[in-house]
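**Student:** Just to be clear, the model below is a prediction. Sequence and coordinates:
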Amino acid sequence: MAPTPRIDFYVLATASAATRELFCCRLTEKAYRQGYRVFILTGDKALTQTLDLQLWTFRGGSFVPHATTEQADGEPIVLGEQPPHTDFDLLVNLTAQCPEHWQRLSRIAEIVTQQPESLGFARERFRCYRNNGGQPAYHRLTPP
C-alpha cells in the first residue's frame, strides 16, 4: 500500500486572487529550488495563462522553468486544467475539488483565500481528504 500523501492547506490572510497567485508562484519556485517536479492544477484556461506569465515575472531575477500541458516537454513545472498523467513530486491544487487519484500523489498543496467561496470549497476538500484516509495539515499565513 502506498503511503498517504502529505497535504498542506495554506490559508492566506486575504481574499485577493492576486495574492493567491503570487503565493503559488513563490511556493512553486521554492519547490523547484528544492528539486521537486511540480504540477499546478488550475482547472481554468485563463488561470493557466495568468500563472504561465506570472511565473516568469512575479519577482525580478526569478527563473522558474515551466510550461503548460500543451507545451510540456520534460519541464520540471507544468501547469494545466486537468490532473497530470505522469508523476510529480508536488501538486498545487487551485481547483474547487479534490484532484482525481490524489491518493497516488506524494504531496499536495492547497492555497486558500479568505473569499467565502474559497473557504467553503477548502472545507469540502479538507473533509474529502480526511474522510478518505488523508491527514491534511492547516497553516494560517499572516500578512508580510
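**Tutor:** Happy to help now that I have it.

**Student:** Tell me what the most centrally placed residue in the chain is bridged to.
**Tutor:** With distances taken as CA atoms, centre = their mean, the chain has residue 92 as the residue nearest its mean C-alpha position (1.6 Å). Taking DSSP bridges as the rule, residue 92 bridges to residue 40, residue 109.

**Student:** contacting residues for it?
**Tutor:** Going by CB atoms under 8 Å, 6 or more residues apart in numbering, residue 92 touches 24, 27-28, 38-41, 108-109, 111. Glycine gets a C-beta too; all of them are placed from N, C-alpha and C.

**Student:** Neighbour count and distance to residue 142 added to those, as CSV?
**Tutor:** Formatted as CSV, the contacts of residue 92 follow (neighbours: other CB atoms under 10 Å; distance: CB to CB, whole Å):
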residue, neighbour count, distance to residue 142
24, 24, 18
27, 18, 16
28, 26, 21
38, 25, 24
39, 25, 28
40, 28, 24
41, 23, 26
108, 22, 22
109, 22, 18
111, 22, 15
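
**Student:** Buried ones in the helix or strand containing residue 32, by neighbour count?
**Tutor:** Using DSSP states H and E, residue 32 falls within helix 17-33. Within helix 17-33, the residues that count as buried by 16 or more other CB atoms under 10 Å are 19-21, 23-25, 27-29, 31-32.

**Student:** swap in stretch 71-83?
**Tutor:** 72, 76-80, 83.

**Student:** any idea where the helices of this structure begin and end?
**Tutor:** 17-33, 45-57, 116-131 (DSSP state H).

**Student:** Report the contact partners of residue 101.
**Tutor:** Here residue 101 is in contact with residue 83 (criterion: CB under 8 Å, 6+ apart).

**Student:** shouldn't residue 20 be in contact with residue 110?
**Tutor:** No. Counting by CB atoms under 8 Å, residue 20 does not reach residue 110; the two are 10.7 Å apart.

**Student:** Tell me the one among the contacts of residue 92 nearest to residue 127.
**Tutor:** Of all the contacts of residue 92, residue 108 has the smallest distance to residue 127: 14.5 Å, by CB to CB.

**Student:** wait, doesn't that closest one sit right on residue 102?
**Tutor:** Yes. Between residue 108 and residue 102 there is a contact under CB under 8 Å: 6.2 Å.
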